[in-house]
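K.L.:
3D model of this:
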Amino acid sequence: MAEGIEARPTAAPPRPSLPVKFLYGLGNMGESSFIAAVAFVFFYYTAVLGLSGSLVGAALFLGLCADAAVDPFFGSWSDNIRSRFGRRVPLMAFGGPLMALSVGMLFAPPAGLPDLALFAWLAGWAIVVRAGVSMFHVPYVALGAEMSADYHERSSVVAWRTVFGILATGAATGLAYSVFFKGEGGLQKPEGYPGFGWTIAAIIAVSTLISTIGSARYAASLPGVPTVDRHLLRRLPGEVAEIFRNPSFRILFFAAGVCYTAVGVNSAFNSHAYVFVWKLQPQMIQTATFSFLGGLFLGVPLTPLLSRVIEKKTVAMIGMGLVGGAWLLLGLPRIAGLVTLEGAAATPLLSALVAVAGLGAGFCAIAFPSMMADAADEHRHLFGRRREGLYFAGLGFAFKAATGLGVLVSGFLLDLIRFPKDAGRDIGLTLSEPLQQRILFAWGPFGAIVVVGAIAILGAYTITRRRHAEVAAALEAAE
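P.N.:
Model (predicted):
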């Protein structure tokens, strides 16, 4: 074990009360509302506004790359802030409002912009909104890792924020399909998008503000860190290199990156598949989306229970297997001609499959952050320094960079398969069968194949409950 383990930071944090967990968890409504809303952006700019898939994919990729690049910056910054509110709250206080403002602007481009100007608007606000997401979410999830040193209780903390994330996603989905895109034409109606965007912005602003204020007192009670003399930009490369020296971090980072690449492609093609292949009306898409959230909601309480019986790694691998299996079944039977259902007739089948994917996603949503918190404990044991901010910045980097790569690939694929640019203006458009099959393959089976690679990588992860107990004992002995 490294010499010089810090005296103050090794002290056990105070046990978070139920109100603290509640107020903390509320903050996840911000990013979850944003993620639910941004899922509509690819369809809005390609199928409704007519911007080419390559330009839309490139603009969103630029935003995600910028986000991924600043994640380590905000992670290291929040690890070393010294303030009356602790290490995390100051950045959260600025990140929430920035995220809210830029989400509204993302959905409100000026009318009549030429393609290059529309691309610049999308790319610019995509970069700004992702910076706001990083500024809030990186210190936010790092604060969650600090709330408990217990192997099992930290899964409970993650579960609280995941529940609020599910509620926010459900609210955004209900607003989308029951209010702003209701009726004939649904997602193809451009007039609904600005109002939808600003409503989501309001949800983000309120939830992040309440969570930041509500978590401030608890955050201030957590152990601080010694003053770091070197400037952030000068020390950051060494800190990033340090976290990659831990094999547990590397495995989680690359497994998440591969998995999220598949998620990026699936998410980008989601609305195209529902509208142009399965011929779903807005209320049917809402039913399918709520089924996914139902599966996700079921997976949240099951994960901590399963983690007491089997290892967290196994729970995450089962979750990815459920997601990949559901994606295969969403595409292959239709491609092979075994399923020809459309519209209302297809909704029960699609809802059942996406519910299975949601259950698997619920397992991963709890297990991955909990494993990353365990890896951060191992890092403190090995290297003598707290790096929760950088660890969760790394997980965020993997998510955003890989999702951005998936969106970029989707944009080029959309142009490659010659998806019609004016499709959004043609209500009831029927695509050719080969084009429908290509959309389905990109939406489901392609992602399932990639997920298998992520499962293989995660298989090398070695932190078990026994290993974590050894680490915790060593840290306690060093105090």
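K.L.:
contacts and neighbour counts: CA atoms only from here.
P.N.:
Fine.
K.L.:
What residues sit buried inside the helix or strand of the chain with the lowest mean pLDDT?
P.N.:
None of the helices or strands of the chain scores lower by mean pLDDT, DSSP states H and E than helix 388-416, at a mean of 74. Neighbour counts over helix 388-416 (16 or more other C-alpha atoms under 10 Å) mark 388-414 as buried.
K.L.:
cool, and stretch 70-82?
P.N.:
70-82.
K.L.:
can I get the CA coordinates of that stretch in CSV?
P.N.:
Only the C-alpha atoms of stretch 70-82 are listed here, as CSV (Å, rounded to 0.1, in the frame of the first residue of the first chain):
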residue,chain,number,x,y,z
VAL,A,70,-14.0,18.2,-19.6
ASP,A,71,-15.2,15.3,-17.4
PRO,A,72,-11.7,14.7,-15.9
PHE,A,73,-11.3,18.5,-15.5
PHE,A,74,-14.4,18.7,-13.4
GLY,A,75,-13.6,15.4,-11.6
SER,A,76,-10.2,16.6,-10.5
TRP,A,77,-11.5,20.1,-9.6
SER,A,78,-14.3,18.7,-7.4
ASP,A,79,-11.9,16.3,-5.8
ASN,A,80,-9.8,19.2,-4.5
ILE,A,81,-12.2,22.1,-3.8
ARG,A,82,-12.1,23.5,-0.3
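K.L.:
For G447, which non-adjacent residue is closest in space?
P.N.:
Using C-alpha to C-alpha, 6 or more residues apart in numbering and skipping the chain neighbours, the partner closest in space to G447 is A262 (4.4 Å).
K.L.:
helix or strand right after the helix or strand where the one you found lies?
P.N.:
Assigned by DSSP states H and E, A262 belongs to helix 247-272. Sequence-wise, the next helix or strand downstream of helix 247-272 (DSSP H and E) is helix 282-307.
K.L.:
and the angle from that following helix to helix 247-272?
P.N.:
160 degrees (axes from the mean of the first three to the mean of the last three C-alpha atoms, to 10 degrees).
K.L.:
so how far is helix 282-307 from its chain's centroid?
P.N.:
15 Å (C-alpha atoms, centre = their mean, to the nearest Å).
K.L.:
So which other helices or strands are in contact with that helix?
P.N.:
Helix 282-307 sits against helix 153-175, helix 312-335, helix 347-383, with contacts defined as 3 or more C-alpha pairs under 8 Å, 6 or more residues apart in numbering; DSSP states H and E.
K.L.:
distance of the closest residue to V277 other than its chain neighbours from T46?
P.N.:
Once flanking residues are discounted, V277 sits nearest to Q436: 5.7 Å by C-alpha to C-alpha, 6+ apart. Distance, Q436 to T46, using C-alpha to C-alpha, to the nearest Å: 17 Å.
K.L.:
So for these two, which sits in the more crowded spot?
P.N.:
T46 (25 against 20; other C-alpha atoms under 10 Å).
K.L.:
Tell me the secondary structure of the more buried one, please.
P.N.:
helix (DSSP: H, G, I helix; E, B strand; the rest coil).
K.L.:
Would you confirm that it contacts S52?
P.N.:
Yes - using C-alpha atoms under 8 Å, T46 makes contact with S52 at a distance of 5.9 Å.
K.L.:
just to revisit the earlier point, could you look over the helices and strands packed on helix 282-307 and pick the most buried one?
P.N.:
helix 347-383 (a mean of 24; mean count of other C-alpha atoms under 10 Å).
K.L.:
Show me what that one packs onto, helices and strands only.
P.N.:
helix 153-175, helix 247-272, helix 282-307, helix 312-335, helix 388-416, helix 465-478.
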